[in-house]
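S.K.: got a sequence here, can you model it:
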Amino acid sequence: MDNDGKGWLVFAAVVLGVAGIMRIFDGIWAFRYKGNLPDHLQNSLLGTNLKNYGWLWLIIGILLILVALGVMARSQISRWIGIFAGAVIAVSAIWWMPYYPIWSLVYIGIGILVIYALVMEGGRESVTP
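M.R.: Model (predicted):
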């Protein structure tokens, strides 16, 4: 493999790692938050306890950091989880489009670039005799 693809893998790993760190911060925030909760939180997937969301974000953050390390080690499982995470990044940004159009487009672009990096450059290295 030439070194050109290595930069794309580093890009994907950094994006996934930063996303993981940000989810850990979200989890810490959820554990420490003492203010009023939104009225419609009782209809949410994980109920009214914000600590449930804290644990979810903490687990996702740790998983994303491990995936970032796995991408650098060229793990195929990490590659596929990273592709899925890139898709989630891109698709979830669509719902924020009416409120933050520029940032939504940036997030969509980053998600697509992560997918591109892992699909095009994340495969196993070919060994030629």
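S.K.: and after the lengthiest helix in the chain, which helix or strand comes next?
M.R.: Counting residues, the longest helix found in the chain (DSSP state H) is helix 4-32. Sequence order places helix 50-72 as the next helix or strand after helix 4-32, per DSSP states H and E.
S.K.: so which bits of the next helix or strand after that next one are buried?
M.R.: Next along the chain after helix 50-72, taking DSSP H and E as the criterion, comes helix 76-94. For helix 76-94, the buried set under the neighbour-count rule, 16 or more other C-beta atoms under 10 Å, comprises 78-79, 81-83, 85-86, 89-90, 93. C-betas here are computed from N, CA, C, even on glycine.
S.K.: of the residues you listed, which is the nearest to residue 115?
M.R.: residue 86 (4.1 Å; C-beta to C-beta).
S.K.: where does the protein dip in pLDDT?
M.R.: 1-5, 38-47, 124-129 (pLDDT under 70).
S.K.: for the longest helix of the chain, the distance to its chain's centre please.
M.R.: 6 Å (C-alpha atoms, centre = their mean, to the nearest Å).
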